[in-house]
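Enquirer: Need coordinates for the following:
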Amino acid sequence: MQTFFIKCWYLLTHRAFMTVVLIINFLGTIYGYYWYQGQLAATEPIFYIFVPDSPTASLFFCLALVGWLFGKNFKLMEALALITLVKYGLWAVVMNILTLAELGSLGPDGWMLVFSHFMMAVQAILYIPKYAFGFGHVVIGAVWTLHNDVIDYVFDQMPVYRVLAQYANNIGYFTFWLSIACIVLAYVVYSKRKHLQVF
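Expert: Residues are numbered from 1 along each chain as shown. Here you go, the predicted model:
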């Protein structure tokens, strides 16, 4: 079993494989910003940076990957990537499943969003041994994430799921605790990092 994990880690950290992961995330980031163009067109400029949640999360991960490819740790990007990739990856999966429950069907685009966002969260977890962020980076990531929740649910800038609009308060409550869980995850990664075995 240990040999299997060693081989998996070798693949995950191989320069060619990380380059492919970077390209996939970069293309996904561009598509994500494109997907938000309709909502951004109706958004006040002051909120622009807070609206496209998922593509910004994948952008953080792209920057972390660039650092690893050059033998560096962009620690703040790593902390932001872990927290936001897991958060918005799982959030989008839940929102699309709720949409399925409301409508009775989801369609190809919806299932594509479920798969792609689930993989966002998975990749953030898989690369945990690569992270080198400190406590201060976790704090900054926490402030960014919780502030984004305020912008989304106090200033009504959450991603548009019209069929779920009637549940906005419940979604906001769920999102807050999802944020807390992801922040706690980042803190645990930071506090336990010295005990992790990197193959």
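Enquirer: all contacts plus neighbour counts: C-alpha atoms, from now on.
Expert: Fine.
Enquirer: From the contact counts, what lies against the helix or strand where Leu90 lies?
Expert: Per DSSP states H and E, Leu90 falls inside helix 75-103. Secondary-structure packing of helix 75-103 (3 or more Cα pairs under 8 Å, 6 or more residues apart in numbering; DSSP states H and E): helix 53-69, helix 107-126, helix 135-154, helix 168-192.
Enquirer: Find the residue at the geometric middle of this structure.
Expert: What sits nearest the mean C-alpha location of the chain, by Cα atoms, centre = their mean, is Leu85, with 1.4 Å.
Enquirer: And it, how far from Ile46?
Expert: 23 Å (Cα to Cα, to the nearest Å).
Enquirer: Next: Gly110.
Expert: Taking Cα to Cα, one finds Gly110 at 29 Å from Ile46.
Enquirer: Compare neighbour counts for these two and give me the winner.
Expert: Higher neighbour count among Gly110 and Ile46: Gly110, with 18 against 7, using other Cα atoms under 10 Å.
Enquirer: low pLDDT regions in the chain?
Expert: 194-199 (pLDDT under 70).
Enquirer: again, only using 50
Expert: 197-199 (pLDDT under 50).
Enquirer: buried ones in stretch 149-167?
Expert: For stretch 149-167, a neighbour-count test (16 or more other Cα atoms under 10 Å) marks Asp149, Val150, Ile151, Asp152, Tyr153, Gln157, Met158 as buried.
Enquirer: okay but the third one is in contact with Gln157, surely?
Expert: Yes - applying Cα atoms under 8 Å as the test, Ile151 and Gln157 come out as touching, 6.1 Å apart.
Enquirer: list residues touching both of these two?
Expert: Phe47, Phe50 (Cα atoms under 8 Å, 6 or more residues apart in numbering).
Enquirer: coming back round to it: now the helices and strands packed on helix 75-103 as TSV including distance to Gln37?
Expert: Shown next, in TSV, are the helices and strands packed on helix 75-103 (distance: least, Cα to Cα, whole Å):
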stretch	distance to Gln37
helix 53-69	12
helix 107-126	16
helix 135-154	17
helix 168-192	21
